[in-house]
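S.K.: next one to model:
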Amino acid sequence: MRRGQYLESQVNKIIKYINEIGGHAHKNNPNRTVDGIYLTGEPFDYEIFLKDYKACFDAKEVKGDVWNLKDKDVKQAENLKHCKNVGLNAYFLILFNQKELLEIDVDDVIKELQKGRKSIHKEKGIKSKLNDILKKGNG
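M.R.: Got it, this is the predicted structure:
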């Protein structure tokens, strides 16, 4: 299984369920030509809209305890910040070492970037479970 595929498959199950119960959720996709030629990446991975929970997030799998940000992660943080500015929950959902799922708020990522840091330790995150999304949306 390619890196990132496990978490993606789990999020896709939640998305399917949300759509079945009348909410809306989807995975964004890169912009490609009809021939499949890559033009631009997606602004972030996922959007979820439930009655009492609206979120945008990017999902990542990381080996070790530190997430090393790439240029695309910085761009995704910028896009997620726009979502947060209009009242949505916006974060990175990161699976560390295939066992610890954490949410790192986009504002925390931006603060680290403003300090000149290009890596974030898992201590910045809060524990998460994918099913928590459903609990938050059933307020």
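
S.K.: partners of the lengthiest strand in the chain in the sheet?
M.R.: For the chain, the longest strand by residue count, based on DSSP state E, is strand 53-62. Using DSSP bridges, strand 53-62 pairs in its sheet with strand 46-50 (antiparallel), strand 89-96 (parallel).

S.K.: quick one: buried residues of the shortest one?
M.R.: Taking 16 or more other C-beta atoms under 10 Å as the neighbour-count basis, strand 46-50 is seen to contain the buried residues 46-48, 50. Where you see a C-beta, it was placed from the backbone N, CA and C, and this is true even at glycine.

S.K.: got a list of what the residue nearest the centre of the chain touches?
M.R.: Against the mean C-alpha coordinate of the chain, by C-alpha atoms, centre = their mean, the closest residue is Asp58 at 2.0 Å. Residues counted as contacts of Asp58 (C-beta atoms under 8 Å, 6 or more residues apart in numbering) are 44-46, 73, 76, 80, 92-93.

S.K.: which residue ranges of this structure form helices?
M.R.: Taking DSSP state H as the criterion, the chain carries its helices at 5-20, 71-85, 106-114, 130-137.

S.K.: could you check how far Lys127 is from Pro43?
M.R.: 26 Å (C-beta to C-beta, to the nearest Å).

S.K.: circling back to that earlier point, in a markdown table, list the strands paired with strand 53-62 along with distance to Leu134 and mean pLDDT.
M.R.: Shown next, in a markdown table, are these (distance: least, C-beta to C-beta, whole Å; pLDDT from 0 to 100):
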| stretch | distance to Leu134 | mean pLDDT |
| --- | --- | --- |
| strand 46-50 | 8 | 94 |
| strand 89-96 | 14 | 96 |
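
S.K.: reformat the ones you listed as TSV; add distance to Ala25.
M.R.: Formatted as TSV, those follow (distance: least, C-beta to C-beta, whole Å):
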stretch	distance to Ala25
strand 46-50	4
strand 89-96	13
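
S.K.: among the ones you listed, which is nearest Gln10?
M.R.: strand 89-96 (8.7 Å; C-beta to C-beta).

S.K.: run the chain-centre distance for the closest one.
M.R.: Centre-to-centre, strand 89-96 and its host chain are 5 Å apart (C-alpha atoms, centre = their mean, to the nearest Å).
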